[in-house]
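1. Pasting the sequence and the predicted coordinates here, then a few questions.
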Amino acid sequence: MGFPGTWMTESESVVYRVVPKCACSTIGQIMFYSDHGSFFDGDIHDATTGLHKWALEASQPKIERAVRARQTYAFTCVRNPYTRILSSFFDKICGIQRNGRRYRGNLVPLLVQKYGVEVGGDDGKQEFDQIASFRRFLLFARDTIRWKKPMEPDIHWSAMAGHVSTFIVNGGRYNHILFTEDFNAGMQTVLENITVAHPVDLAQIPRFNESEGHGPKRAHPVEAYFDDLSMHLMWEIYKRDFQLFRYDFDNPGRKLPKGPVDLDEVHAKLGD
């Protein structure tokens, strides 16, 4: 299986396991900048040079060697499951993507037809009941994750623990897991533990939010979207995410985790 979703600087200073919807665009650009002194011109997910990626065949042996030797600092980044799934809904389901089309072609029509989800019309800009539509989408997300119906789960709403675990199961070990909600502090820890060709001042780094502006703005506070049933579904889908990454399941309005990640626990529980 190797190391899907893993990126590494060309200088091999650091290895990063991508978790979708968890600041991955900004992290990729910081890694690119630390080697080259400039940002990639475009979406870092489209870069095929300047950064090693598991998706690029020529990069695979280099990434595999670095990860298995455990000499290269390795990290990943996680996010509150409540805000992550909301972000996926507004960006991927309600939003028009960079190519001018809906995400994954027939996905949105399927959601409209089978689950009664509204997405703000053809352009995603019309008024609609965000709360009711989100809760219907959450039911769909649960069905894809639990039963792989009506389709396989998408990487943007499959559990973070699943993404994080492939790296461990195949022989890697994380040195650090940072929180999207406390990004600068967590990323500073990474930078202090690696050698970079070009110093990175996190206070000056722009946020590369490639999903910004794709969909409608969230009209309500996070907790308004989650009633008892929604929270029950969240626990069913993301129980390990809440537990391992210390996020507060009982209070959807609390963005910050309750404490630091216990790396030993993560490796023990996700290394099966």
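-> Alright, I've got the coordinates.

2. Helices of this protein, start to end?
-> 24-36, 60-69, 81-88, 107-115, 130-147, 160-169, 183-192, 228-244, 263-270 (DSSP state H).

3. CA atoms of the fourth one as PDB?
-> Backbone C-alpha positions of helix 107-115 (Å, rounded to 0.1, in the frame of the first residue of the first chain) are rendered in PDB as follows:
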ATOM      1  CA  LEU A 107     -22.700  13.600  -6.700                       C
ATOM      2  CA  VAL A 108     -24.800  16.700  -6.100                       C
ATOM      3  CA  PRO A 109     -27.700  15.700  -8.300                       C
ATOM      4  CA  LEU A 110     -27.700  12.300  -6.400                       C
ATOM      5  CA  LEU A 111     -27.900  14.200  -3.000                       C
ATOM      6  CA  VAL A 112     -30.700  16.400  -4.200                       C
ATOM      7  CA  GLN A 113     -32.700  13.500  -5.600                       C
ATOM      8  CA  LYS A 114     -32.100  10.800  -2.900                       C
ATOM      9  CA  TYR A 115     -31.500  12.900   0.300                       C
END
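
4. now the angle from it to helix 130-147?
-> 90 degrees (axes from the mean of the first three to the mean of the last three Cα atoms, to 10 degrees).

5. Identify each buried residue in helix 107-115, please.
-> 107, 108, 111, 115 (16 or more other Cβ atoms under 10 Å). For glycine as for every other residue, the C-beta is placed from the backbone atoms N, C-alpha and C.

6. Now tabulate these in TSV and tack on pLDDT and distance to residue 29.
-> Below are the buried residues of helix 107-115 laid out as TSV (pLDDT from 0 to 100; distance: Cβ to Cβ, whole Å):
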residue	pLDDT	distance to residue 29
107	94	28
108	93	29
111	95	31
115	97	35
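
7. coming back round to it: any chance of CSV for the helices of the chain, columns distance to residue 202?
-> Shown next, in CSV, are the helices of the chain (distance: least, Cβ to Cβ, whole Å):
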stretch, distance to residue 202
helix 24-36, 8
helix 60-69, 24
helix 81-88, 21
helix 107-115, 35
helix 130-147, 32
helix 160-169, 23
helix 183-192, 5
helix 228-244, 25
helix 263-270, 22
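
8. Of these, which is nearest residue 121?
-> helix 107-115 (10.8 Å; Cβ to Cβ).

9. Can you name every helix or strand that the closest one contacts?
-> helix 130-147 (3 or more Cβ pairs under 8 Å, 6 or more residues apart in numbering; DSSP states H and E).

10. quick one: low-confidence parts of this structure?
-> Under the criterion pLDDT under 70, the flagged ranges of the chain are 210-213.

11. and the longest strand for it?
-> strand 73-78 (DSSP state E).

12. chain center to it, what's the gap?
-> 12 Å (Cα atoms, centre = their mean, to the nearest Å).

13. Restrict that strand to CA atoms and write it as PDB.
-> In PDB, the C-alpha atoms belonging to strand 73-78 read as follows (Å, rounded to 0.1, in the frame of the first residue of the first chain):
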ATOM      1  CA  TYR A  73      10.800  14.600  10.900                       C
ATOM      2  CA  ALA A  74       7.200  13.500  10.200                       C
ATOM      3  CA  PHE A  75       4.000  15.300  11.100                       C
ATOM      4  CA  THR A  76       0.300  15.600  10.200                       C
ATOM      5  CA  CYS A  77      -2.500  18.100  11.000                       C
ATOM      6  CA  VAL A  78      -6.000  17.500  12.300                       C
END
